[in-house]
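In: Sequence first, predicted model second:
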Amino acid sequence: MQLAVIYHGGEGMSKIKGRCHCGSVNWELELPIKTVVKCHCSMCRQLNGADHSTYIVVSKRQFSLLKGDDSVTHYQVTDKSYKNFCAVCGTATHLVNGKHFPDDFVLPLGIVENYTDELAPQIQVYTSEKPAWSNIHDDVPLFS
Ligand SMILES: [Zn+2]
Ligand SMILES: [Zn+2]
């Protein structure tokens, strides 16, 4: 909220803000985003400890780390993908999926502070890896 005054007008486009649980890491992104994906893959399930993970995909050029450069650490998930997270509270803050989105960050929708409809999930992927105990209760289109 306190950051809302720093924008210098331009096209007047609003920015989306995210923060980790402890507040050490803050970022913002510039709309428009590429897509929002609900991922049911087993790798995301383990990394985030959740039945599925929902990510905003946005060009790296539209992402700014506002605070927490020295608090962010990372985990190399595969040779092309890594997860940046807050070393203080452990929140995943911004990830890179080098296989599918090499020029983008994938940002957990769950840490967004000012949600707008432009961030509504558009597609669900890797549903074949969904565990038996997880049920899909929405109309977001399934891709795989
Ligand atoms: Zn934190
Ligand atoms: Zn996944």
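Out: Arrived safely, thanks for sending. Numbers count the residues shown, from 1 in each chain. Ligands and ions are numbered 1, 2, ... in the order given.

In: Quick one: name the residues of the chain near ligand 1.
Out: Contact residues (Cβ under 5 Å from the ion) of the chain with ligand 1: Cys20, Cys22, Ser24, Cys86, Val88, Cys89. Just so you know, the C-beta spots here come from the backbone N, C-alpha and C atoms, and that holds for glycine as well.

In: give me every residue that touches the fourth one.
Out: Pointing back at Cys86 there. Cys20, His21, Cys22, Ser24, Val25, Gly68, Ser71, Val72, Thr73, Thr93 (Cβ atoms under 8 Å, 6 or more residues apart in numbering).

In: what's the neighbour count on the last one?
Out: Other residues lying near Thr93 total 26 when counted by other Cβ atoms under 10 Å.

In: In terms of helix, strand or coil, where does it fall?
Out: Secondary structure for Thr93, judged by DSSP: H, G, I helix; E, B strand; the rest coil, is strand.

In: on that earlier part again, generate a PyMOL selection restricted to the buried subset of the residues of the chain next to ligand 1.
Out: Only the buried entries of these go into this PyMOL selection, using 16 or more other Cβ atoms under 10 Å:
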select buried, resi 20+24+86+88
